[in-house]
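[1] show me the folded form of this:
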Amino acid sequence: MKLNELRDNPGAAKKARRVARGPGSSKGKTAGRGIKGQKSRSGVAINGYEGGQMPLYQRLPKRGFNKPNRKDYAVVNLGLIQKFVDAGKIDAGQPVTEDVLVASGLVRRKLDGVRVLAKGDVTAALTLTVTGASAAAVAAVEKAGGSLTVAAAAATA
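    Sure, this is the predicted structure:
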């Protein structure tokens, strides 16, 4: 077998229909566009246009609202904090602040503050000071013998 003998299987490759190439092509003259009218011409952009009737996307009710001044918190789970303590990246003996979490690499940036959630287990007695925390996270840290303080002033610092 040589490269010049390679062929597709019969019927595997179907030739594309060439439109507007004469009457013998079965798509000659108007090329399947019909006669006259906007859609028979080039440069047509009528997606969503309903002939002057109010388009569907404008008839449907608009829902929802995005608060322009909403707070965007960096979210951390307790399980991840415990993992970083076990790895030695966070010292459990020292108070753990938002700056410590950023320095350890657990949080990339503080944004409007750090919020702690209760996913995962915590065994170390941590002294956490963050902008926000869920009630379950506070309970889990206190159960492990630590304390979790929510400091609103840390968000502006």
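
[2] domain parsing for this structure?
    Listed by automatic domain parsing, the domain ranges of the chain are 16-64, 74-155.

[3] let me see the mean pLDDT of the shortest one.
    Confidence for domain 16-64, expressed as mean pLDDT, is 90.

[4] start to end distance for it?
    Domain 16-64 has an end-to-end distance of 47 Å (Cα to Cα, to the nearest Å).

[5] likewise for stretch 21-38?
    Stretch 21-38 has its terminal residues 22 Å apart, counting by Cα to Cα.

[6] and if you look at stretch 107-121?
    18 Å.

[7] with distance to residue 5 and mean neighbour count added, can I get the domains of the chain in JSON lines?
    From N, CA and C alone the C-beta is placed, and that goes for glycine too. Output for these, formatted as JSON lines (distance: least, Cβ to Cβ, whole Å; neighbours: other Cβ atoms under 10 Å):
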{"stretch": "domain 16-64", "distance to residue 5": "25", "mean neighbour count": "9"}
{"stretch": "domain 74-155", "distance to residue 5": "58", "mean neighbour count": "17"}
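
[8] compare those and report which one is nearest to residue 1.
    For these, proximity to residue 1 was assessed by Cβ to Cβ; domain 16-64 is nearest, at 28.2 Å.

[9] coming back round to it: minimum distance to residue 3: which of the domains of the chain has it?
    When these are compared (using Cβ to Cβ), the closest one is domain 16-64, at 24.7 Å.

[10] what's opposite the closest residue in space to residue 133 that isn't next to it in sequence in the beta bridge?
    With Cβ to Cβ, 6 or more residues apart in numbering as the criterion, residue 133 has its nearest non-adjacent residue at 4.3 Å, and that residue is residue 116. Under the criterion DSSP bridges, residue 116 forms beta bridges with residue 76, residue 133.
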